[in-house]
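Chemist: With the sequence up front, the predicted model follows.
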Amino acid sequence: MIRYNWNNPDFLHIHFAGNVSGEDLVSCALEISGDERFDYTHFVLGDWSQYRHANVSQENVRRLVAVMKAVCQITPNVKNATVIRPDNTGNALFALYKMLADELPWQIEIFHSLEEAYDWFGISVPCDLSC
C-alpha cells in the first residue's frame, strides 16, 4: 500500500506499507507526476520504514528510473530522500535505484531514519512524526 502526504506545498512524503510491488512503484511515479501539486515540490521523502514485503525486481527498478527521467523534467530541482530499515532488507535494490538514478538531475540519498533525511533536507521533523 502506498499513501501520499503533501505536508506542505513543496514537500511530498510517500509512505510504503504492507506489501509493495514493482508495478506499484511505477504507478506511484506516474500518479504523482500527474498531480498538479508536484509542479511545486522541492522535497520527496520515500518512507520504507513500515513496509512488510517488497516484490521488486531489477527490471522494475530500471522501469522506475526510466519514468523518473520524464518526471524530473517537470521538477528538476528536487531533493529525494529514501528511508530504509537498517536491517539490510532490500538494500541492494535501493542501491541499484540510486546508482541508476545518479544521471537524473535530482539529489538522491538513502538514509536509515526519518531524522537523518529531514536533517539532509535542512528542515525540522514535523511534530506528528517525532512527538
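Modeler: Arrived safely.

Chemist: excluding its backbone neighbours, what's nearest P105?
Modeler: Leaving out its chain neighbours, the residue that sits closest to P105 by CB to CB, 6 or more residues apart in numbering is P76, at 4.2 Å. From N, CA and C alone the C-beta is placed, and that goes for glycine too.

Chemist: Show the contacting residues for H53.
Modeler: Residues in contact with H53 (CB atoms under 8 Å, 6 or more residues apart in numbering) are G18, N19, V20.

Chemist: What of K69?
Modeler: Residues counted as contacts of K69 (CB under 8 Å, 6+ apart) are L104.

Chemist: which helix in the protein runs the most residues?
Modeler: helix 58-74 (DSSP state H).

Chemist: Give me the contact list for the helix or strand following that helix.
Modeler: Proceeding N to C from helix 58-74, the next assigned helix or strand is strand 79-83, under DSSP states H and E. Counting by CB under 8 Å, 6+ apart, the neighbours of strand 79-83 from elsewhere in the structure are 42-49, 94, 97-98, 106-114, 116-117, 120-121.

Chemist: buried set for the helix or strand following strand 79-83?
Modeler: Where DSSP H and E defines the elements, the next helix or strand beyond strand 79-83 is helix 91-101. Counting neighbours by 16 or more other CB atoms under 10 Å, one finds that the buried residues in helix 91-101 are L93, F94, Y97, K98, L100, A101.

Chemist: thinking again about what came up before, from the contacts of strand 79-83, keep the buried residues only.
Modeler: Buried subset of the contacts of strand 79-83 (neighbour count, 16+ other CB under 10 Å): 43-48, 94, 97-98, 106, 108, 110-111, 114, 117, 121.

Chemist: Fine by me, we can end here.
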